[in-house]
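Visitor: Generate a structure from the sequence data that follows.
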Amino acid sequence: MLLELLCWCFGATVLLYFLFFWLIPTVVQFNGSLALLWHDVIVERALDTLTRSSRPQRLLSVVKKRAAHGDPQSVISAIDYFCRHNEWAMNVGDEKGCILDSVVSELNPERVLELGTYCGYSTIRIARILPPGARLITLEFNPDYAAIARQVIAWAGLEDKVQLVEGASEDWIPRIKEHFGIETFDFVFLDHWKDRYLPDTKLMEECGLLRKGTVLLADNVICPGVPDYLQYVRSSPSYESYYFKSHLEYTQAEDGLEKSVFLG
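Guide: As a prediction, the model looks like this:
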């Protein structure tokens, strides 16, 4: 009886291990909705409970262990390693990150706004290739994320190039001109709450923060998706838009970036 029970427990353990570490992760690689449900809800909550820590805290720990202090590229590599080999996280990711790099490098912006900092991954990607004297303002609604992002950005040695602001985008956008003394932005990266992409874009227009030639780059336009935003920038005579097909970060599920040039 005891032997039978031990065999049953061993078999159940092997089955759970097979499902949790191989079958389910393999299946969700090709379906964005399932990937988000699995990684961003089930796995994250389970690990938060087991480790009594948060995903951003675990990410920060890996950065401090694997990345060289003051080396932005090594911080990016450490986060990519964490997300591919330890625990998925919703950064822009390495594949789309290269597209982000190319857009920023081509534009060479001096005034940059990022909506949605999370743990600072995309902030670092942008800041490390900005020209001398450029300003990057990044807004983060979640104070816990902001606290981690500040440490990650500082570990990369970019705290002097980045101004991280806590609060809701709809509260800060109307105050940017007065608070920061910035008239317009050259480049805006949208990677925050997806239901805020369209209203915040319209709010930036109303507040006069976009000039002719300002480039908006929006992440996750397919997964989770922002159909109202895409319909707006693709149909409005005020924008010229281009879609960069790619994949949801660290998966094979389709996603992409939408680059929209404000025409005034």
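
Visitor: Could you use CA atoms for every contact and neighbour count after this?
Guide: Fine.

Visitor: Specify the local secondary structure of the residue nearest the centre of the chain.
Guide: The centroid of the chain falls nearest to N91 when counting by CA atoms, centre = their mean (3.4 Å). Using DSSP: H, G, I helix; E, B strand; the rest coil, the secondary structure recorded for N91 is coil.

Visitor: Which pLDDT value belongs to the spatially closest residue to it that is not a sequence neighbour?
Guide: Setting aside the residues directly before and after it, N91 is nearest to Y121 in space (CA to CA, 6 or more residues apart in numbering), at 6.3 Å. pLDDT recorded at Y121 is 98.

Visitor: same question, W8
Guide: Looking at W8, its pLDDT reads 52.

Visitor: Under the pLDDT cut-off, which ranges of the protein? List them.
Guide: In the predicted model of the chain, residues 1-28 satisfy pLDDT under 70.

Visitor: ok, S246 - contacts?
Guide: 95-96, 254-257 (CA atoms under 8 Å, 6 or more residues apart in numbering).

Visitor: Wait, a strand at it?
Guide: Yes. Membership of S246 in a strand is supported by three-state DSSP.

Visitor: That one and P224, how far apart?
Guide: Computed as CA to CA, to the nearest Å, the S246 to P224 distance reads 13 Å.

Visitor: and what of R135?
Guide: For R135 relative to P224 (CA to CA), the value is 29 Å.

Visitor: Show me the strands in the stretch 51-200 of the chain, by range?
Guide: 111-115, 135-140, 162-166, 185-190 (DSSP state E, counting those that start in this stretch).

Visitor: pull the CA atoms of the last one into CSV?
Guide: Put plainly, it is strand 185-190. Provided in CSV are the C-alpha atoms of strand 185-190 (Å, rounded to 0.1, in the frame of the first residue of the first chain):
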residue,chain,number,x,y,z
PHE,A,185,8.6,66.1,-27.5
ASP,A,186,10.6,64.6,-30.4
PHE,A,187,9.8,61.0,-29.5
VAL,A,188,7.1,59.4,-27.4
PHE,A,189,7.2,55.7,-26.4
LEU,A,190,3.8,54.3,-25.3
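
Visitor: so how far is it from its chain's centroid?
Guide: Counting by CA atoms, centre = their mean, to the nearest Å, strand 185-190 is centred 14 Å from the centre of its parent chain.

Visitor: For that strand, which strands pair with it and how are they oriented?
Guide: Strand pairing for strand 185-190, determined by DSSP bridges: strand 111-115 (parallel), strand 210-218 (parallel).

Visitor: okay, the angle between it and strand 135-140?
Guide: 30 degrees (axes from the mean of the first three to the mean of the last three CA atoms, to 10 degrees).

Visitor: now swap in the third one and tell me
Guide: Direction vectors for strand 162-166 and strand 135-140, defined by the same axes, to 10 degrees, enclose an angle of 30 degrees.
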